[in-house]
Structures are given as C-alpha cells and as structure tokens.
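In: Fold the following and give me the result.
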Amino acid sequence: MSGHSKWAQIRRSKGVNDARRGQLFTRLGREIVVAVREGGSGDPNANFRLRMAVQRARDANMPLDNIERTIKRAQGGAEGSNLEEITYEGYGPGGTALLVQTLTENRNRTVAEVRNAFNRNGGNMGENGCVDWLFEAKGVIEVELQGHDPDELSLEAIDLGADDVEPVNPDDEVLTIYTDPSDVEKIRQALEARKYKVLKSESTMIPQTRVELSDEKVAHQAIRLIEKLEDLDDVQNVYSNADFPETFATSYAG
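Out: The predicted structure follows:
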C-alpha cells in the first residue's frame, strides 16, 4: 500500500493554499450535511457517519464554529436535501485508474464537468464498473512519531486490530496504519489514549494493484488530472492507482 503514503507525502510537500483550504472546508461541510441527513441525527454520538465527518473536519483544522453551524443548518432539513452521491470512473495518463466521488444537486452539470476534466488532461471517462473493482475500502490512520519507536507503535497498532502498517518515511516521520473502515474510530481512540499524535483518520479507497509511473512527465500529467478533478466544486474525493516515483515529491513540490 506504499503508493497511498507516497501520494500523501506529495500532498504534504505541496501544502494547501488559502483557496484550496476554503474549497476543502466546503467539501467537508457537504459531508457533514449529508451525514446528518443520512444518519438522521445531528448528534455525533448517535450518528457514526457524522462522527467520522466531524473528525475529518477537525483533522483538517476546520474551525469548530463552522462545524457546529453546518450541523445546525443541516438539522433544519432544507440544506442538502437535493444532494446526490455519485461516483464516476475513468482512466488517466499512463493507464492509471481513477474513482471520482461527487456530491451534486445537478448530475448533468457534474458529469459534463468531470468528463471535460478527463478529456482535457490526458484521460478518458469510463463506464460504471470499469475500474471500481481495482479498489477496496480501507480505514487509514496517520500517526506522527514524535520520538516514539516505530516498531513498538506498529506492534501496538496490530494488537489493536490494524490490518497493516506501512514503514515510516524518514522525510516526514509519519506512520500509516491500515484497518477495516469500521475499526478506524476504535483504533484512533486507543492510540490517542496512549499519547500518540494522530494526524488524521478516514475511510478511503485503496488500490489493490498499482500502475508505476516511472516517467516523470507522465507522473506530472497524472497529478494534473487529479488536481483538475479535485478543483471541481461537486467533487468530494479522487482516488488513483498511480504509483509515483520515490523522488517525485520534491520535484513536484518545487
């Protein structure tokens, strides 16, 4: 699963500017709205999906006031009532596969924008089911070492029920833990109780096989497509099975 942490490292290296941060908060707000609607409650303690959405928002440093206001608006019933969850699939540069998760009130607009992003950036949109079988749902927890022994942390994570632990990248001192999505919250809470600093936890889609992009030009094209898709207002998440070169994070960030 090394490709996931490589991509996470690339994103941390790139950083998040104010415009992208605002866009991220908008997406997180939509997740909260849908979680309230689908879970039937504005109380995170009684609504697992909302609890996970709020945790993800807090991990992204979304202000608590924003989170609380969004929950209150969602409880009013009108906001988000027409939102649909639709996943699109397609292919990117180098034969990579992509899943594009959206929340939209206008599916015709969204499908046109997603298709246009694929077509203009070296990809092509596919039919439903063309690539989703290449991905599986996984829980991901990122822990900053802060002087802790990575081997000890890895053993503790496995004892707590984690499926796998990725070796620490010496450049960022972050350990990535993989688990069943239903176990994310339990393992996170146990790690935090043991004084580990959890940077983020979420349910995501992990590729079962990866496409190695050894050509840096193709790697740049693949990331450009991902970013163009992520820039679309209705897009919530983009998942790719691209395996980027080890040295790519530095050149991309620069």
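
In: quick one, strands of the chain?
Out: Taking DSSP state E, the strands of the chain run over residues 84-92, 96-104, 124-125, 135-144, 164-169, 174-179, 197-207, 211-212, 235-240, 242-243.

In: Can you tell me which of those strands is packed in deepest?
Out: A comparison of the strands of the chain by mean neighbour count, using mean count of other CB atoms under 10 Å, puts strand 242-243 on top with a mean of 24. Quick note: C-beta positions are derived from backbone N, CA and C, even for glycine.

In: Now do it, average pLDDT.
Out: Averaged across strand 242-243, pLDDT comes to 92.

In: Likewise for stretch 123-137?
Out: pLDDT averaged over stretch 123-137 gives 96.

In: Show me the contact partners of that stretch.
Out: 87-93, 97-99, 114-115, 117-119, 181, 203-209, 225, 239, 241 (CB atoms under 8 Å, 6 or more residues apart in numbering).

In: got the end-to-end distance for that stretch?
Out: By CA to CA, to the nearest Å, the extent of stretch 123-137 from end to end equals 24 Å.

In: Show me how far it is from its chain's centre.
Out: 17 Å (CA atoms, centre = their mean, to the nearest Å).

In: Give me the distance between the residue lying farthest from the centre of the chain and R69.
Out: For the chain, the residue at maximal distance from the C-alpha centroid (CA atoms, centre = their mean) is G76, at 27.8 Å. G76 sits 11 Å away from R69, going by CB to CB, to the nearest Å.

In: Need the single longest helix in this structure, by residues.
Out: helix 18-39 (DSSP state H).

In: Now do the buried residues in that helix.
Out: 23-25, 27-37, 39 (16 or more other CB atoms under 10 Å).

In: can you tell me the average pLDDT over that helix?
Out: 85.

In: Kindly report the same for stretch 213-222.
Out: Taken as a whole, stretch 213-222 has a mean pLDDT of 92.

In: Go through that stretch and flag the buried ones.
Out: For stretch 213-222, by 16+ other CB under 10 Å, it's L213, V218, A219, H220, Q221, A222.

In: Ok, stretch 59-67 next?
Out: Neighbour counts over stretch 59-67 (16+ other CB under 10 Å) mark D59, M62, I67 as buried.

In: Just put those residues in a markdown table and tack on pLDDT.
Out: As requested, those are exported to a markdown table (pLDDT from 0 to 100):
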| residue | pLDDT |
| --- | --- |
| D59 | 91 |
| M62 | 93 |
| I67 | 94 |
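
In: With distance to A46 added, can I get those in JSON lines?
Out: Listed next are the buried residues of stretch 59-67 as JSON lines, based on distance: CB to CB, whole Å:
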{"residue": "D59", "distance to A46": "21"}
{"residue": "M62", "distance to A46": "21"}
{"residue": "I67", "distance to A46": "16"}
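
In: if you look at those, which of them are in helices?
Out: Going by DSSP H, the helices hold D59, I67 from the buried residues of stretch 59-67.

In: just the buried residues of stretch 59-67 now: which is nearest P44?
Out: I67 (9.5 Å; CB to CB).

In: need the contact list for the closest one.
Out: I67 makes contact with I32, V54, A57, R58, according to CB under 8 Å, 6+ apart.

In: let's see it at 6 Å
Out: V54, A57 (CB atoms under 6 Å, 6 or more residues apart in numbering).

In: Measure how buried the nearest residue to E173 once chain neighbours are set aside is and give me the count.
Out: Among residues not flanking E173 along the chain, L145 sits closest, at 4.6 Å (CB to CB, 6 or more residues apart in numbering). Residues within reach of L145, counting by other CB atoms under 10 Å, total 15.

In: Isn't L145 up against V174?
Out: No: taking contacts as CB atoms under 6 Å, L145 lies outside contact range of V174: 7.3 Å.
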